[in-house]
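1. Sequence and predicted structure are below.
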Amino acid sequence: MLCPHCGQEWELAACPECGGDTPPDSAYCCRCGAKLESEELPPELADRVLCRDGNCIGVINAQGVCGVCGLPYQTENQDDSAP
């Protein structure tokens, strides 16, 4: 399916209820409205690691960098001069 706005090809998944084509990250089926199960669970709020930049509101993602500013996570025992 092509995006009506940018023309980019979308990869679609089949709805388990009706079999209709739906974008894989959708919360609901585009055809029948059934709630779709998400394969990736959101992180628990207590387990998140905040960006070390005091002015940023981001959280460290699975790649080890802030999802907002891109600053890499650094623990307090790591040296700033390390390559």
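-> Perfect, thanks for sending it.

2. For this protein, which segments count as strands?
-> Counting by DSSP state E, the segments of the chain that form strands are 13-14, 21-22.

3. Compare those strands and give me the one nearest V49.
-> Closest approach to V49 among those is made by strand 13-14 (30.5 Å; Cβ to Cβ). In this view, the C-beta of every residue, glycine as well, is placed from N, C-alpha and C.

4. Phi and psi next, for the nearest residue to A34 once chain neighbours are set aside.
-> Once flanking residues are discounted, A34 sits nearest to E17: 3.9 Å by Cβ to Cβ, 6 or more residues apart in numbering. With angles defined as degrees, to the nearest 10, E17 sits at phi -90, psi -50.

5. ok, how many other residues are close to E17?
-> Each residue near E17 was counted by other Cβ atoms under 10 Å, and the total is 13.

6. Look up how far L36 lies from it.
-> In this view, E17 and L36 are 9 Å apart by Cβ to Cβ, to the nearest Å.

7. Between these two, which contacts overlap?
-> Both E17 and L36 are contacted by C29, under the criterion Cβ atoms under 8 Å, 6 or more residues apart in numbering.

8. Return the residues in contact with R52.
-> Contact analysis of R52 by Cβ under 8 Å, 6+ apart lists L71, Y73, Q74.

9. Go again with 10 Å.
-> G58, I60, C66, C69, L71, P72, Y73, Q74, T75, E76 (Cβ atoms under 10 Å, 6 or more residues apart in numbering).

10. Repeat that for P23.
-> P23 is in contact with M1, C3, W10, E11, L12, A13, C30, L36, counting by Cβ under 10 Å, 6+ apart.

11. Compare these and tell me which is most surrounded.
-> Going by other Cβ under 10 Å, L36 tops the contacts of P23 with 18 neighbours.

12. wait, isn't it in contact with C18?
-> No - counting by Cβ atoms under 10 Å, L36 does not reach C18; the two are 11.1 Å apart.

13. list the residues that contact both of these two?
-> Contacts common to L36 and C18, judged by Cβ under 10 Å, 6+ apart, are C29, C30.
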